[in-house]
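J.: This is a predicted model, with the sequence first.
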Amino acid sequence: MARNKEGLLLLLDVGPSMHYVLPEIEKVCSMLVEKKLIYSKYDEVGVVLFGTRETDNELTKEVGGYQHVMVLKNIKVVDGDIVDALQQLPRGTTDGDFLDAVIVGMDMLIKKYGETNKGKKRLCLITNAQCPIKDPYEGTKEDQVSTVAKQMTVYGMRMESIIVRGKSSQDVNKRVMDENDRLLDIFSKETSARLLHVENPISLFGALRTRNITPVTVFRGDLEISAKLRIKVRVYKKTSEEKFPTLKKYSDKAPSNDKSATHEVKVDYEYKSFDDPKKVVPLDQRIRGYRYGPQIVPISSAEWDAVKFKPEKGVKLLGFSDSSNILRHYYMKDVYIFLPEPGNTKAILAVSALARAMKEMNKVAILRCVWRQGQANVVIGVLTPNVSDRESIPDSFYFSVLPFAEDVREFQFPSFSNFPASWQPNEQQLEATDNLIRMLDLAPNEKEEVLLPDFTPNPILERFYRFLELKSKHPDAAVPPLDHTLKKITEPDGDLLLQYKPMIDSFCTSFELKPNPKQKKPRRLLPEKRFGSSDEETKGDVSARPANLIAKTSTVKIENIGDLTPVQDFEAILSRRDSPDWVIKAIKDMKNKIFDLVEDSHEGDNYPKALECLVALRKGCILEQEPKLFNDFLRHLCKFCLEKDLDSFCEYLSCRGITLISKEEAVDSEVTEAEAKSFLVKSEPKFD
């Protein structure tokens with residue numbers, strides 16, 4: 001077997017008590033092989049079934065016994081045949097003995113690899129462990145299991161046992177299950193074995209590790225506690241996002257009978273002069289440029305290297321803090337794990353002492369990390385103690401990256417207090433909402449958490465791998481519907497919704513749902529009221545409109561800024577949350593309304609109304625964290641007024657104290673307070 005290539009043997013229980021879950025086992029095991037075809041195409045896989053009516057294994061022929069254990073596929077390099085075999089597992093007719101299957105699997109691995117490739121040989125047992133195993137000829141079952149576990153250690157084998165027990169496990173022999181659990185626990189204690197219990201198909205999908213990642217150290221060196229205290233550690237990635245396989249371009253230009261053809265596509269880029277498109281610019285005449293306002297600033301590679309921050313490699317302790325000061329949402333990027341240097345007793349003891357003291361005092365450590373020499377950035381993160389409950393596993397730390405000030409996003413949302421009193425939720429509505437949230441809690445009190453992160457696969461990736469396998473056999477195949485097991489990850493649980501239907505109905509009845517018809521522009525019955533008209537004119541205008549029309553328009557959502565009440569219309573559109581586009585539309589429409597008022601003004605008669613709209617626009621841009629839109633608009637408006645001989649409006653704004661939005665009012669603004677105050681400052685007397 002090639003270096004770093006794995007030899008995997010699947011030991012699958014197909015007895016009658018496993019029939020209900022075999023369809024899910026077929027999916028997850030075939031998925032494992034499909035991923036190996038993509039990422040580890042030289043790995044070798046074999047399949048052994050137990051609980052079958054037939055018996056087909058070499059140990060039975062050599063020494064006898066080991067009945068109802070069948071080798072479905074001998075160990076060989078992964079291919080499509082193994083996938084097909086796993087997708088159509090036979091249904092057994094008798095109870096399976098998982099220990100017989102383990103021994104048969106060990107015999108196959110020993111005959112195939114011997115004592116070589118230690119740590120690269122793996123047994124994967126999937127069973128419900130509900131059926132009793134046979135008594136040995138000598139000694140007890142515990143002695144037999146201990147003997148088998150020692151042989152696993154000698155030959156460098158690893159084993160993972162996945163115990164599948166759903167609702168059908170309630171009527172089985174409790175004594176037999178407890179005995180089997182105790183025997184499997186011996187494997188996990190005396191060998192490199194992993195024991196997992198799952199209760200549903202979703203957890204089964206996540207329990208079987210379908211892709212092995214070779215651990216690579218991110219950092220090897222000293223954890224500097226002080227100038228006189230250093231601990232030898234190694235840092236690995238604990239979590240990392242798994243992405244789609246890399247797509248490669250494939251060329252069919254090579255002859256079909258050329259076995260040495262790689263079908264690789266090479267891409268070359270040419271840079272041509274803007275002035276002379278036929279002239280190719282050589283590499284030594286090209287330089288990178290960065291946008292700075294309207295211009296592009298060229299920066300050479302030598303200048304870029306000169307301004308780079310070049311810290312020294314190392315991990316240093318900055319200090320300790322209460323764990324309550326570091327909130328969960330501060331964590332960024334991937335999670336790392338700090339382990340003491342293997343075989344270094346002093347490092348193991350030092351890490352253990354520090355981790356246990358931090359846990360006892362409820363403290364975390366803040367570190368400054370530069371993983372490698374020449375790294376362009378410095379990482380600040382939090383070190384959390386991870387105290388082990390097993391003697392064979394040393395204590396360690398988890399490390400999470402913390403944000404700098406520039407990484408923090410402070411989003412400001414309008415408060416409910418800005419809405420009318422009729423929109424405020426009452427006590428009944430608040431209680432119904434609280435009940436709905438508690439009902440949908442995935443981690444209810446005294447119950448197992450649903451969709452555990454360690455056992456929940458990514459449904460997008462799972463579906464992709466299945467479709468890729470389908471396309472490999474049928475190139476014209478259509479995309480199949482989403483599997484019902486994966487649907488449970490992306491959709492609400494139907495049983496849960498049915499159980500809590502009264503709470504859902506209570507929530508629905510507590511809120512009045514109304515249709516949202518498109519607003520029709522009302523027919524104008526009287527000429528539009530101009531700003532500055534008398535109160536009598538105003539009353540006449542309103543009374544001239546039908547009463548039912550007034551009532552109707554008060555319940556319809558505003559979609560455009562009208563001429564009568566532009567400020568109210570602007571605030572109504574801005575408060576809409578059914579789409580993020582309403583904010584941009586409201587700001588854009590208000591800008592156009594202000595331009596129209598200023599341009600159509602006669603001797604300043606529209607200035608007060610334009611000012612009112614401008615004040616509303618400024619307030620809205622601050623609330624929605626869009627200071628740049630307002631600042632750019634105000635500059636453009638003043639420039640427009642000067643070009644159109646409307647500079648009296650700029651003086652009018654200056655007298656009323658209208659300025660740009662500064663950083664003190666909105667954190668995203670690029671305008672200082674001094675720049676904002678100096679904008680539109682005039683020495684002429686105030687306009688009255």
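T.: Done, it's in.
J.: and the gap between the residue most central in space within the chain and A149?
T.: For the chain, the residue lying nearest the average C-alpha position, counting by C-alpha atoms, centre = their mean, turns out to be E241 (7.8 Å). To A149, E241 is 36 Å away according to C-beta to C-beta, to the nearest Å. Bear in mind the C-beta positions are built from the backbone N, C-alpha and C, glycine included.
J.: returning to what we had before: for the residue nearest to the centre of the chain, grab phi and psi.
T.: E241 adopts backbone torsions of phi -70, psi 130, taken as degrees, to the nearest 10.
J.: The one 3 residues further on too?
T.: According to degrees, to the nearest 10, the main-chain angles of F244 amount to phi -70, psi 150.
J.: Which helix or strand contains the nearest residue to it once chain neighbours are set aside?
T.: Spatially, and ignoring its direct neighbours in sequence, F244 is nearest to F464 (6.4 Å; C-beta to C-beta, 6 or more residues apart in numbering). Applying DSSP states H and E as the criterion places F464 in helix 459-473.
J.: continuing past that helix, what's the next helix or strand?
T.: Following helix 459-473 toward the C-terminus (DSSP H and E): helix 484-490.
J.: gap between that next one and the chain center?
T.: Relative to its chain's centre, helix 484-490 lies at 17 Å (C-alpha atoms, centre = their mean, to the nearest Å).
J.: who's in contact with whatever helix or strand comes next after it?
T.: Remark: after helix 484-490, the chain's next helix or strand is helix 494-499, criterion DSSP H and E. Among residues not part of helix 494-499, those counted as contacts by C-beta atoms under 8 Å, 6 or more residues apart in numbering are M439, L440, I504.
J.: okay, now the closest residue to K272 other than its chain neighbours: neighbour count?
T.: Leaving aside its chain neighbours, K272 sits nearest to V280 (5.7 Å; criterion: C-beta to C-beta, 6+ apart). The local packing of V280 (other C-beta atoms under 10 Å) involves 11 other residues.
J.: Which parts of the helix holding F464 count as buried, going by neighbours?
T.: Within helix 459-473, the residues that count as buried by 16 or more other C-beta atoms under 10 Å are P459, L461, E462, R463, Y465, R466, E469.
J.: show me where the stretch 51-200 of the chain has strands.
T.: For the stretch 51-200 of the chain, the strands identified by DSSP state E, counting those that start in this stretch occupy 69-77, 121-127, 157-164, 192-198, in order along the chain.
J.: Pull whichever strand or helix holds V28 out as PDB, backbone CA atoms only.
T.: Taking DSSP H and E as the criterion, the element that holds V28 is helix 22-39. Listed in PDB are the C-alpha atoms of helix 22-39, where the atom choice follows Å, rounded to 0.1, in the frame of the first residue of the first chain:
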ATOM      1  CA  LEU A  22     -30.100  -0.300   5.900                       C
ATOM      2  CA  PRO A  23     -31.200   2.200   3.200                       C
ATOM      3  CA  GLU A  24     -29.500   4.900   5.200                       C
ATOM      4  CA  ILE A  25     -26.400   2.800   5.700                       C
ATOM      5  CA  GLU A  26     -26.300   2.200   1.900                       C
ATOM      6  CA  LYS A  27     -26.300   5.900   1.300                       C
ATOM      7  CA  VAL A  28     -23.600   6.800   3.800                       C
ATOM      8  CA  CYS A  29     -21.300   4.000   2.900                       C
ATOM      9  CA  SER A  30     -21.600   4.600  -0.800                       C
ATOM     10  CA  MET A  31     -21.000   8.300  -0.100                       C
ATOM     11  CA  LEU A  32     -17.800   7.400   1.700                       C
ATOM     12  CA  VAL A  33     -16.400   5.500  -1.400                       C
ATOM     13  CA  GLU A  34     -17.600   8.300  -3.700                       C
ATOM     14  CA  LYS A  35     -15.500  10.800  -1.800                       C
ATOM     15  CA  LYS A  36     -12.500   8.500  -1.900                       C
ATOM     16  CA  LEU A  37     -12.800   8.400  -5.700                       C
ATOM     17  CA  ILE A  38     -12.500  12.200  -5.700                       C
ATOM     18  CA  TYR A  39      -9.900  12.800  -3.000                       C
END
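J.: Okay, angle between the helix or strand following that helix and strand 69-77 too, please.
T.: Scanning the chain past helix 22-39 towards its C-terminal end, the next helix or strand to appear is strand 44-50 (assignment: DSSP H and E). On the basis of axes from the mean of the first three to the mean of the last three C-alpha atoms, to 10 degrees, strand 44-50 is oriented at 170 degrees to strand 69-77.
J.: Hey, what's the angle from strand 44-50 to strand 121-127? Just curious.
T.: Angle, strand 44-50 to strand 121-127, by the same axes, to 10 degrees: 30 degrees.
J.: what angle do strand 44-50 and helix 22-39 make?
T.: Computed with the same axes, to 10 degrees, the direction of strand 44-50 lies at 170 degrees from that of helix 22-39.
J.: Check which strands are paired with strand 44-50 and give the direction for each one.
T.: Here the strand partners of strand 44-50, with direction, are listed using DSSP bridges: strand 7-13 (parallel), strand 69-77 (antiparallel).
J.: quick revisit: closest to K609 out of the buried residues of helix 459-473?
T.: For these, the minimum distance to K609 (C-beta to C-beta) is 54.9 Å, reached by P459.
J.: show me what contacts the residue found closest to the closest one once you drop the neighbours it is linked to in the chain?
T.: In this structure, P459 finds its nearest non-sequential neighbour in L486, 4.1 Å apart by C-beta to C-beta, 6+ apart. L486 makes contact with P457, P459, E462, R463 under the criterion C-beta under 8 Å, 6+ apart.
J.: Pick the one among the residues you listed closest to R656.
T.: Each of these was checked against R656 using C-beta to C-beta; the closest is P459, at 57.3 Å.
J.: isn't the residue nearest to K272 right next to R286, touching?
T.: No - here V280 does not reach R286: they are 10.5 Å apart, not a contact under C-beta atoms under 8 Å.
J.: Show me where the stretch 551-688 of the chain dips below the pLDDT cut-off.
T.: 551-557, 577, 680-688 (pLDDT under 70).
J.: Okay then, goodbye and thanks.
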